[in-house]
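# Structure for this input, please:
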Amino acid sequence: MTEKIFPTERLIPTLLYPVTGLAAGTPVLLRKLTAPQRERRAEAAALRAKRDEITAQAAEAAEAAFTHKLMAEADPVKRAAMLQAREAAEVTARQIELEQAKAARKEQRTKLGDTAGAAALLLIVGGPLIWSLARPWIQPGIGLLLGVWWIAALIHAPAHRKAAPAEGEEDQEQAVPAVEEEPAEEDPVEAPRATVPTPVETHSLTASLTASGCSVLLTRLAADLGAAHPSWTGSTKAVRALLSQAGVPVREGVRTPDGNGPGVHHQDVPPLPSPSETPAVANVGPGQSANANANNTREWSTREGFVMQTDPDNPARTIIVGRSTAA
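Residues are numbered from 1 along each chain as shown. Got it, this is the predicted structure:
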(Lines give C-alpha, C1' and ligand atoms only; values in the text may rest on other atoms or scores of the structure.)
Protein backbone atom coordinates (compact mmCIF):
# COMPACT_ATOMS: atom_id res chain seq x y z
CA MET A 1 0.00 0.00 0.00
CA THR A 2 2.87 2.36 0.78
CA GLU A 3 4.43 1.79 -2.64
CA LYS A 4 1.09 2.57 -4.35
CA ILE A 5 0.48 5.83 -2.45
CA PHE A 6 4.06 7.08 -2.62
CA PRO A 7 6.01 5.71 -5.60
CA THR A 8 9.77 5.68 -5.14
CA GLU A 9 11.05 5.17 -8.70
CA ARG A 10 12.24 8.74 -9.17
CA LEU A 11 12.35 11.84 -7.02
CA ILE A 12 10.25 14.23 -9.13
CA PRO A 13 7.26 11.85 -9.59
CA THR A 14 7.39 11.11 -5.87
CA LEU A 15 7.20 14.81 -5.01
CA LEU A 16 4.41 15.47 -7.53
CA TYR A 17 2.39 12.35 -6.73
CA PRO A 18 0.21 13.99 -4.03
CA VAL A 19 -1.17 16.26 -6.79
CA THR A 20 -1.12 13.82 -9.74
CA GLY A 21 -2.56 11.01 -7.63
CA LEU A 22 -5.39 13.26 -6.46
CA ALA A 23 -6.19 14.24 -10.06
CA ALA A 24 -6.05 10.64 -11.31
CA GLY A 25 -7.89 9.03 -8.41
CA THR A 26 -10.78 11.52 -8.08
CA PRO A 27 -12.66 10.28 -11.22
CA VAL A 28 -12.22 6.64 -10.14
CA LEU A 29 -13.52 7.42 -6.65
CA LEU A 30 -16.51 9.34 -8.05
CA ARG A 31 -17.43 6.44 -10.36
CA LYS A 32 -17.21 4.00 -7.48
CA LEU A 33 -19.40 6.14 -5.22
CA THR A 34 -22.06 6.74 -7.89
CA ALA A 35 -22.11 3.14 -9.21
CA PRO A 36 -25.11 2.04 -7.04
CA GLN A 37 -27.16 5.03 -8.19
CA ARG A 38 -26.38 4.29 -11.85
CA GLU A 39 -27.38 0.65 -11.38
CA ARG A 40 -30.69 1.68 -9.80
CA ARG A 41 -31.41 4.06 -12.68
CA ALA A 42 -30.63 1.39 -15.28
CA GLU A 43 -32.86 -1.12 -13.47
CA ALA A 44 -35.70 1.40 -13.26
CA ALA A 45 -35.37 2.18 -16.98
CA ALA A 46 -35.47 -1.54 -17.83
CA LEU A 47 -38.58 -2.01 -15.68
CA ARG A 48 -40.30 0.94 -17.37
CA ALA A 49 -39.48 -0.44 -20.81
CA LYS A 50 -40.84 -3.87 -19.81
CA ARG A 51 -44.03 -2.28 -18.44
CA ASP A 52 -44.56 -0.30 -21.64
CA GLU A 53 -44.04 -3.45 -23.72
CA ILE A 54 -46.57 -5.42 -21.65
CA THR A 55 -49.06 -2.55 -21.87
CA ALA A 56 -48.69 -2.38 -25.66
CA GLN A 57 -49.16 -6.15 -26.00
CA ALA A 58 -52.26 -6.05 -23.79
CA ALA A 59 -53.71 -3.17 -25.83
CA GLU A 60 -53.07 -5.05 -29.09
CA ALA A 61 -54.70 -8.21 -27.70
CA ALA A 62 -57.73 -6.23 -26.50
CA GLU A 63 -58.04 -4.55 -29.89
CA ALA A 64 -57.93 -7.90 -31.68
CA ALA A 65 -60.52 -9.42 -29.31
CA PHE A 66 -62.88 -6.47 -29.74
CA THR A 67 -62.52 -6.58 -33.52
CA HIS A 68 -63.24 -10.31 -33.54
CA LYS A 69 -66.30 -9.84 -31.34
CA LEU A 70 -67.51 -6.92 -33.46
CA MET A 71 -67.21 -8.85 -36.71
CA ALA A 72 -68.99 -11.86 -35.19
CA GLU A 73 -72.00 -9.71 -34.31
CA ALA A 74 -74.50 -9.74 -37.19
CA ASP A 75 -76.97 -7.17 -35.79
CA PRO A 76 -76.00 -3.64 -36.99
CA VAL A 77 -77.72 -2.01 -34.02
CA LYS A 78 -75.73 -4.03 -31.52
CA ARG A 79 -72.53 -3.33 -33.41
CA ALA A 80 -73.17 0.42 -33.25
CA ALA A 81 -73.94 0.12 -29.54
CA MET A 82 -70.67 -1.74 -28.99
CA LEU A 83 -68.72 0.98 -30.76
CA GLN A 84 -70.43 3.71 -28.74
CA ALA A 85 -69.78 1.87 -25.48
CA ARG A 86 -66.13 1.49 -26.39
CA GLU A 87 -65.77 5.19 -27.21
CA ALA A 88 -67.46 6.13 -23.94
CA ALA A 89 -65.09 3.85 -22.01
CA GLU A 90 -62.07 5.43 -23.71
CA VAL A 91 -63.29 8.94 -22.91
CA THR A 92 -63.91 7.99 -19.28
CA ALA A 93 -60.48 6.41 -18.95
CA ARG A 94 -58.86 9.50 -20.44
CA GLN A 95 -60.72 11.78 -18.00
CA ILE A 96 -59.67 9.65 -15.05
CA GLU A 97 -56.06 9.77 -16.25
CA LEU A 98 -56.16 13.57 -16.53
CA GLU A 99 -57.70 13.90 -13.07
CA GLN A 100 -55.03 11.66 -11.55
CA ALA A 101 -52.27 13.67 -13.22
CA LYS A 102 -53.80 16.92 -11.96
CA ALA A 103 -54.07 15.55 -8.42
CA ALA A 104 -50.44 14.37 -8.53
CA ARG A 105 -49.22 17.81 -9.64
CA LYS A 106 -51.26 19.48 -6.91
CA GLU A 107 -49.86 17.14 -4.26
CA GLN A 108 -46.32 17.76 -5.51
CA ARG A 109 -46.80 21.54 -5.29
CA THR A 110 -48.21 21.17 -1.77
CA LYS A 111 -45.25 19.09 -0.63
CA LEU A 112 -42.81 21.56 -2.20
CA GLY A 113 -44.51 24.47 -0.43
CA ASP A 114 -44.48 22.68 2.93
CA THR A 115 -40.80 21.82 2.53
CA ALA A 116 -39.89 25.39 1.57
CA GLY A 117 -41.85 26.77 4.55
CA ALA A 118 -40.21 24.38 7.00
CA ALA A 119 -36.75 25.23 5.62
CA ALA A 120 -37.41 28.96 5.87
CA LEU A 121 -38.69 28.61 9.46
CA LEU A 122 -35.70 26.52 10.46
CA LEU A 123 -33.33 28.99 8.83
CA ILE A 124 -34.91 32.01 10.54
CA VAL A 125 -35.45 30.52 13.98
CA GLY A 126 -32.71 27.95 14.35
CA GLY A 127 -30.15 29.37 11.92
CA PRO A 128 -28.35 31.69 14.38
CA LEU A 129 -28.29 29.02 17.08
CA ILE A 130 -26.98 26.32 14.74
CA TRP A 131 -24.38 28.69 13.34
CA SER A 132 -23.12 29.64 16.80
CA LEU A 133 -22.78 25.98 17.80
CA ALA A 134 -21.31 24.65 14.54
CA ARG A 135 -19.02 27.58 13.70
CA PRO A 136 -16.00 26.31 15.69
CA TRP A 137 -16.27 22.88 13.98
CA ILE A 138 -16.74 24.02 10.38
CA GLN A 139 -13.09 24.68 9.53
CA PRO A 140 -11.72 21.47 11.16
CA GLY A 141 -14.55 19.46 9.56
CA ILE A 142 -13.75 20.79 6.10
CA GLY A 143 -10.07 20.03 6.58
CA LEU A 144 -10.80 16.51 7.82
CA LEU A 145 -13.13 15.87 4.84
CA LEU A 146 -10.51 17.09 2.36
CA GLY A 147 -7.85 14.95 4.00
CA VAL A 148 -10.00 11.80 3.86
CA TRP A 149 -10.89 12.49 0.23
CA TRP A 150 -7.23 13.06 -0.66
CA ILE A 151 -6.14 9.75 0.89
CA ALA A 152 -9.03 7.85 -0.78
CA ALA A 153 -8.14 9.39 -4.16
CA LEU A 154 -4.51 8.34 -3.78
CA ILE A 155 -5.59 4.80 -2.92
CA HIS A 156 -7.87 4.56 -5.97
CA ALA A 157 -5.41 6.20 -8.38
CA PRO A 158 -4.35 3.80 -11.16
CA ALA A 159 -0.77 2.63 -10.68
CA HIS A 160 1.64 3.11 -13.60
CA ARG A 161 3.70 -0.07 -13.73
CA LYS A 162 6.53 0.10 -16.25
CA ALA A 163 9.46 -2.26 -15.95
CA ALA A 164 12.78 -0.39 -15.98
CA PRO A 165 15.25 -1.72 -18.57
CA ALA A 166 18.34 -3.42 -17.19
CA GLU A 167 21.82 -2.03 -17.74
CA GLY A 168 23.11 -2.74 -21.21
CA GLU A 169 19.66 -3.49 -22.67
CA GLU A 170 19.06 0.07 -23.83
CA ASP A 171 21.65 -0.22 -26.61
CA GLN A 172 20.35 -3.57 -27.74
CA GLU A 173 16.76 -2.40 -28.15
CA GLN A 174 16.30 -1.29 -31.73
CA ALA A 175 13.25 -0.79 -33.83
CA VAL A 176 12.48 -4.01 -35.66
CA PRO A 177 11.17 -3.33 -39.17
CA ALA A 178 7.75 -4.74 -39.82
CA VAL A 179 7.75 -7.70 -42.17
CA GLU A 180 5.22 -7.34 -44.92
CA GLU A 181 3.38 -10.60 -45.30
CA GLU A 182 1.40 -11.45 -48.36
CA PRO A 183 -2.28 -11.45 -47.58
CA ALA A 184 -3.68 -14.95 -47.50
CA GLU A 185 -6.37 -15.80 -49.96
CA GLU A 186 -9.67 -15.50 -48.17
CA ASP A 187 -12.48 -17.89 -48.81
CA PRO A 188 -15.50 -16.37 -50.50
CA VAL A 189 -17.91 -15.11 -47.89
CA GLU A 190 -21.41 -16.36 -48.36
CA ALA A 191 -24.00 -13.62 -48.40
CA PRO A 192 -26.10 -13.69 -45.19
CA ARG A 193 -29.68 -14.82 -45.52
CA ALA A 194 -32.40 -12.29 -45.12
CA THR A 195 -33.70 -12.28 -41.55
CA VAL A 196 -36.89 -10.33 -42.26
CA PRO A 197 -39.60 -10.98 -44.83
CA THR A 198 -39.95 -8.72 -47.85
CA PRO A 199 -43.13 -7.25 -49.36
CA VAL A 200 -42.71 -9.50 -52.43
CA GLU A 201 -42.46 -12.56 -50.22
CA THR A 202 -45.53 -11.48 -48.24
CA HIS A 203 -47.45 -10.95 -51.49
CA SER A 204 -46.46 -14.40 -52.76
CA LEU A 205 -47.48 -16.06 -49.48
CA THR A 206 -50.84 -14.27 -49.50
CA ALA A 207 -51.48 -15.33 -53.09
CA SER A 208 -50.64 -18.95 -52.32
CA LEU A 209 -52.88 -19.06 -49.23
CA THR A 210 -55.82 -17.49 -51.06
CA ALA A 211 -55.42 -19.52 -54.27
CA SER A 212 -58.08 -22.00 -53.12
CA GLY A 213 -60.69 -19.22 -52.81
CA CYS A 214 -60.40 -18.75 -49.03
CA SER A 215 -59.43 -15.53 -47.30
CA VAL A 216 -56.53 -15.40 -44.82
CA LEU A 217 -56.10 -13.71 -41.43
CA LEU A 218 -53.21 -11.40 -40.57
CA THR A 219 -52.36 -13.69 -37.67
CA ARG A 220 -51.95 -16.61 -40.08
CA LEU A 221 -49.63 -14.57 -42.31
CA ALA A 222 -47.58 -13.48 -39.29
CA ALA A 223 -47.24 -17.10 -38.12
CA ASP A 224 -46.15 -18.40 -41.55
CA LEU A 225 -43.67 -15.57 -42.08
CA GLY A 226 -42.30 -16.09 -38.57
CA ALA A 227 -41.81 -19.80 -39.29
CA ALA A 228 -39.81 -18.91 -42.42
CA HIS A 229 -37.80 -16.24 -40.54
CA PRO A 230 -37.20 -17.42 -36.96
CA SER A 231 -35.25 -14.29 -35.99
CA TRP A 232 -38.10 -12.00 -37.12
CA THR A 233 -40.38 -10.86 -34.28
CA GLY A 234 -43.49 -10.55 -36.41
CA SER A 235 -46.78 -8.91 -35.49
CA THR A 236 -49.99 -7.98 -37.26
CA LYS A 237 -48.81 -4.38 -37.54
CA ALA A 238 -45.64 -5.50 -39.33
CA VAL A 239 -47.70 -7.69 -41.68
CA ARG A 240 -49.98 -4.72 -42.44
CA ALA A 241 -46.95 -2.61 -43.36
CA LEU A 242 -45.56 -5.34 -45.65
CA LEU A 243 -48.94 -5.80 -47.37
CA SER A 244 -49.26 -2.04 -47.82
CA GLN A 245 -45.85 -1.89 -49.49
CA ALA A 246 -46.85 -4.79 -51.74
CA GLY A 247 -50.15 -3.11 -52.71
CA VAL A 248 -52.38 -5.74 -51.07
CA PRO A 249 -55.44 -4.21 -49.33
CA VAL A 250 -56.43 -5.33 -45.83
CA ARG A 251 -59.98 -5.63 -44.53
CA GLU A 252 -60.92 -5.27 -40.88
CA GLY A 253 -63.10 -8.36 -41.03
CA VAL A 254 -62.87 -11.44 -43.24
CA ARG A 255 -64.23 -14.96 -42.82
CA THR A 256 -61.63 -17.71 -43.03
CA PRO A 257 -61.36 -21.37 -42.02
CA ASP A 258 -59.17 -20.22 -39.11
CA GLY A 259 -61.80 -17.75 -37.84
CA ASN A 260 -62.95 -14.20 -38.44
CA GLY A 261 -60.96 -11.01 -38.00
CA PRO A 262 -58.62 -8.59 -39.81
CA GLY A 263 -57.12 -10.11 -42.91
CA VAL A 264 -56.96 -10.21 -46.71
CA HIS A 265 -59.97 -11.18 -48.81
CA HIS A 266 -59.20 -13.65 -51.59
CA GLN A 267 -60.75 -11.34 -54.20
CA ASP A 268 -58.54 -8.39 -53.17
CA VAL A 269 -55.17 -10.05 -53.86
CA PRO A 270 -53.57 -8.43 -56.94
CA PRO A 271 -51.88 -10.73 -59.49
CA LEU A 272 -48.25 -11.55 -58.91
CA PRO A 273 -45.72 -9.69 -61.08
CA SER A 274 -44.52 -11.70 -64.07
CA PRO A 275 -40.86 -12.82 -64.00
CA SER A 276 -38.34 -11.54 -66.51
CA GLU A 277 -38.76 -12.96 -70.00
CA THR A 278 -35.00 -13.25 -70.44
CA PRO A 279 -33.90 -16.57 -68.91
CA ALA A 280 -30.88 -16.49 -66.63
CA VAL A 281 -27.83 -18.18 -68.19
CA ALA A 282 -25.72 -20.17 -65.78
CA ASN A 283 -21.98 -20.46 -66.17
CA VAL A 284 -21.24 -24.10 -67.13
CA GLY A 285 -17.73 -25.37 -66.54
CA PRO A 286 -15.98 -28.38 -68.04
CA GLY A 287 -17.53 -31.65 -66.99
CA GLN A 288 -20.83 -30.01 -65.91
CA SER A 289 -24.20 -30.43 -67.56
CA ALA A 290 -26.05 -27.39 -68.80
CA ASN A 291 -29.45 -27.44 -67.05
CA ALA A 292 -31.74 -25.08 -68.95
CA ASN A 293 -35.03 -26.35 -67.55
CA ALA A 294 -37.73 -23.80 -66.84
CA ASN A 295 -38.41 -25.19 -63.36
CA ASN A 296 -35.20 -23.79 -61.86
CA THR A 297 -37.12 -20.93 -60.27
CA ARG A 298 -37.73 -20.69 -56.54
CA GLU A 299 -40.83 -22.43 -55.23
CA TRP A 300 -42.88 -21.21 -52.21
CA SER A 301 -44.54 -24.02 -50.30
CA THR A 302 -47.41 -23.56 -47.87
CA ARG A 303 -49.16 -25.69 -45.31
CA GLU A 304 -52.23 -25.89 -47.57
CA GLY A 305 -50.44 -28.13 -50.10
CA PHE A 306 -49.81 -25.60 -52.90
CA VAL A 307 -46.54 -24.52 -54.53
CA MET A 308 -45.73 -21.69 -56.94
CA GLN A 309 -43.57 -22.41 -59.97
CA THR A 310 -42.86 -21.15 -63.48
CA ASP A 311 -45.25 -22.26 -66.24
CA PRO A 312 -43.33 -24.74 -68.48
CA ASP A 313 -45.28 -23.62 -71.57
CA ASN A 314 -44.84 -19.91 -70.92
CA PRO A 315 -41.84 -18.84 -68.75
CA ALA A 316 -43.33 -15.33 -68.40
CA ARG A 317 -46.15 -16.71 -66.22
CA THR A 318 -46.27 -18.06 -62.66
CA ILE A 319 -48.75 -20.84 -61.85
CA ILE A 320 -49.94 -22.38 -58.58
CA VAL A 321 -50.16 -26.18 -58.54
CA GLY A 322 -50.84 -28.80 -55.90
CA ARG A 323 -47.88 -30.37 -54.11
CA SER A 324 -47.21 -34.01 -54.98
CA THR A 325 -47.85 -36.41 -52.09
CA ALA A 326 -45.31 -38.95 -53.37
CA ALA A 327 -42.12 -39.24 -51.35
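
# OK, contacts around Leu22?
Trp150, Ala153, Leu154, Ala157 (CB atoms under 8 Å, 6 or more residues apart in numbering). In short, each C-beta sits where N, CA and C put it, glycine included.

# Among the residues you listed, which one sits closest to Lys106?
Ala153 (45.5 Å; CB to CB).

# residues near the closest residue to that closest one other than its chain neighbours, how many?
Nearest residue to Ala153 in three dimensions, chain neighbours excluded: Gly25, at 3.5 Å (CB to CB, 6 or more residues apart in numbering). When neighbours are counted by other CB atoms under 10 Å, Gly25 registers 21.

# Over to Glu97?
Glu97: 10 neighbours (other CB under 10 Å).

# so it, which of the three states?
helix (DSSP: H, G, I helix; E, B strand; the rest coil).

# just Trp232 next, same as before
When classified by three-state DSSP, Trp232 comes out as coil.

# do Arg255 as well
Reduced to three states by three-state DSSP, Arg255 is strand.

# Contacts only, for the residue nearest to Pro197 when sequence neighbours are not counted.
Distances taken as CB to CB, 6+ apart put Leu225 closest to Pro197, at 4.6 Å, once the chain neighbours are dropped. For Leu225, the contacting residues are Pro197, Glu201, Thr202, Leu205, Trp232, Gly234, Val239, Leu242, by CB under 8 Å, 6+ apart.

# The third one contacts Leu242, correct?
Yes. Under the criterion of CB atoms under 8 Å, Thr202 lies in contact with Leu242, with a separation of 4.1 Å.

# so where do the strands sit in the stretch 151-300 of the chain?
Counting by DSSP state E, counting those that start in this stretch, the stretch 151-300 of the chain has strands at residues 216-217, 251-256, 259-264.

# mean confidence for the helix ranked longest in the chain?
As assigned by DSSP state H, the longest helix anywhere in the chain is helix 11-72. Mean pLDDT, computed over helix 11-72, is 86.

# That one vs strand 259-264, what angle?
Interaxial angle, helix 11-72 versus strand 259-264 (axes from the mean of the first three to the mean of the last three CA atoms, to 10 degrees): 120 degrees.

# Okay, now the unreliable bits of the chain?
Residue ranges of the chain with pLDDT under 70: 1-9, 159-194, 274-327.

# make it 50
1-3, 162-176, 179, 183, 191, 276-298, 300-303, 325-327 (pLDDT under 50).

# the helices in it, which residues?
2-5, 11-72, 76-121, 127-156, 199-209, 218-228, 236-246.

# I'd like those written out as CSV, with distance to Pro257 added.
Formatted as CSV, the helices of the chain follow (distance: least, CB to CB, whole Å):
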stretch, distance to Pro257
helix 2-5, 76
helix 11-72, 15
helix 76-121, 23
helix 127-156, 69
helix 199-209, 10
helix 218-228, 9
helix 236-246, 18
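
# which one of the ones you listed lies closest to Val254?
Judging the helices of the chain by CB to CB, what sits closest to Val254 is helix 11-72, at 8.3 Å.

# and the angle from the closest one to helix 127-156?
Angle of helix 11-72 versus helix 127-156, following the same axes, to 10 degrees, is 100 degrees.

# Leu16: which of the contacts of Leu225 is nearest?
The closest of the contacts of Leu225, once distances to Leu16 are taken by CB to CB, is Trp232, at 59.3 Å.

# How about that closest one, nearest residue that isn't a chain neighbour?
Val196 (5.0 Å).

# can you check Asp224 too?
Residue nearest to Asp224 in three dimensions, not counting chain neighbours: Leu205, with 5.9 Å by CB to CB, 6+ apart.

# measure the one you found to Gly21 for me?
Separation of Leu205 from Gly21 (CB to CB, to the nearest Å) stands at 67 Å.
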